[in-house]
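**Q** this is a predicted model, with the sequence first.
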Amino acid sequence: MTTPTTDVLVVGAGPVGLLTALGLARSGLDVTVLEREPTIGDSPRAMTYLWFVLDGLAELGVLPDVEAEGLRSLDGLTLRVHRTGEVVEWGRVSLEDVTGRPYNNIHLGQDRLGRIALRHLEAQPGASMHWNTRVTGVDQDDDGVRVTAEGPDGPEVFTARWLVGTDGAGSTVRQAVGLGFEGMTWPERFVATNVRYPFDEYGYNDANMVVDPRLGAVVAKIDDTGLWRVTYAEDLALPVESVLDRMPAFFEAFVPSPGEYVLEHHSPYRMHQRAAESFRAGRVLLAGDAAHATNPTGGLGLTCGLLDLYVLHPALAAVVRGELADDVLDRWAAERRQRFVEIASPMASEFKRLVYHSDDPDRLEADLAGPRSIAGDPEKVHAAQLGMAGLRSAPLVPVAGG
Ligand SMILES: Cc1cc2nc3c(=O)[nH]c(=O)nc-3n(C[C@H](O)[C@H](O)[C@H](O)COP(=O)(O)OP(=O)(O)OC[C@H]3O[C@@H](n4cnc5c(N)ncnc54)[C@H](O)[C@@H]3O)c2cc1C
């Protein structure tokens, strides 16, 4: 292995990779990001940042920009049972006593979060970005990692002391280090759409789960210009090429006045519940979708990726600086995997079952009992919202003064 030329290579410039790189660069490390695409992708994906991920964005210095560009929301969970018209609303319960913020969640497309992260990263002296650079292989020894890539001008080699693979669910890094991706793939396809439609005129809150075995969907407000995200499901056996041909039938049945909706963007997705068998292999760490993939119902995918990186970047920076032994990274890997496998993944699977597979009336009644018992009771809603923070794990680097 040649002498490492940078402290950390980050593979993949999704939101998790860019924010990981930002955290490391802000700690004074040299960080190189490799991304196969020419720019940040803008297909409709994550857009909800729950209250307990916002502190991490604040620590990275990006929260003011996220607040300025995003939609701030106080709305809690809303379930709308399509067939009966029942609406179970948690309502607007402030968490300001805990968060210090006059809102709970922020809605903002993940591409825009990525662009904010990139702006901040580019201002860091130790950071460098390589677009159009597709990683093809990873080797490592006791001193560092060596990455081969196809760059804009042909094959390239990069070396570093550490590598963070944030290259998404199909991660080349994960495969190159021989880590399995355990779990299952769902037999449905999700179709994420950005549509213009006056959902608020029909009583929709900022974030809604529409419960129905045929017309189940997640409907969330993207901004104040009338743009909404509607994510629905269809059979994976249907041809992906004709998603757009089938889409009008869904919207005609779904929205109260079909003529009014305007499609701006759409993207079909396969969905999985999977986790890498370990989030660490020697000097290679996996975070975000490269480490774990979930169906997006409940918005826990990027949430978990953010929570991974918030703990990883200070721990890795401390290891690189020689302040901590590298077994701290084993603790990070084990804790983050546990949070995903034992909490996030089962929770997302339950949300998916409720929204899209409510065929059994008795089961539906049982599923609705919990949310109904909380709705309209501010103390219970407050407690339920705080309970979600169990997805976080504690910092592994001693906090100054703490
Ligand atoms: C419809 C939908 C809605 C969602 N909604 C939510 C939500 O509301 N809340 C939430 O928390 N999550 C949500 N998610 C999940 C969320 O989108 C993902 O968890 C998130 O994108 C993960 O970010 P990431 O940075 O880990 O990976 P990605 O965003 O997948 O980024 C990976 C990057 O790596 C690059 N790359 C891949 N291979 C290579 C290679 N070999 N070399 C170099 N670069 C490479 C890719 O081009 C890409 O830029 C949703 C997902 C879907 C599908």
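**A** Received, thanks.

**Q** tell me the contacts of the residue in the stretch 51-200 of the chain positioned nearest to the ligand?
**A** Here the stretch 51-200 of the chain gets closest to the ligand at one residue, residue 168, 2.9 Å apart by CB to the nearest ligand atom. Heads up, the C-betas are built off the backbone N, CA and C, glycines and all. Shown in contact with residue 168 (CB atoms under 8 Å, 6 or more residues apart in numbering): 12, 14, 288, 289, 290.

**Q** can you classify it as helix, strand or coil?
**A** coil (DSSP: H, G, I helix; E, B strand; the rest coil).

**Q** what values do phi and psi take at it?
**A** phi 80, psi -180 (degrees, to the nearest 10).

**Q** one more: residue 371?
**A** phi -60, psi -40.

**Q** what's the answer for the one 4 residues further on, then?
**A** Listed backbone geometry of residue 375 is phi -50, psi 130, with angles given as degrees, to the nearest 10.

**Q** now it. Nearest residue, chain neighbours left out?
**A** residue 88 (5.1 Å; CB to CB, 6 or more residues apart in numbering).

**Q** quick check: residues of the stretch 251-400 of the chain near the ligand?
**A** Residues of the stretch 251-400 of the chain lying near the ligand by CB under 6 Å from any ligand atom: 269, 288, 289, 296, 299, 300, 301, 302, 303, 305.

**Q** any idea how many residues pack against the fifth one?
**A** By other CB atoms under 10 Å, the residues close to residue 299 number 20.

**Q** please apply the same query to the second one.
**A** Residue 288 has 28 neighbouring residues, counting by other CB under 10 Å.

**Q** isn't it up against residue 19?
**A** No. Contact criterion CB atoms under 8 Å: residue 288 and residue 19 do not qualify, at 9.3 Å.

**Q** quick one: the helices in the stretch 251-400 of the chain?
**A** All helices of the stretch 251-400 of the chain, identified by DSSP state H, counting those that start in this stretch, fall at 301-320, 327-338, 345-356, 361-374, 378-387.

**Q** next up, the contacts around residue 367.
**A** Counted by CB under 8 Å, 6+ apart, residue 367 has contacts 353, 354, 358.

**Q** which of those count as buried?
**A** For the contacts of residue 367, a neighbour count by 16 or more other CB atoms under 10 Å gives the buried set as 354, 358.

**Q** look up how far residue 368 lies from whichever residue of the stretch 201-350 of the chain sits closest to the ligand.
**A** Closest to the ligand within the stretch 201-350 of the chain is residue 288: 2.2 Å, counting by CB to the nearest ligand atom. Note on residue 288: its distance to residue 368, by CB to CB, to the nearest Å, is 33 Å.
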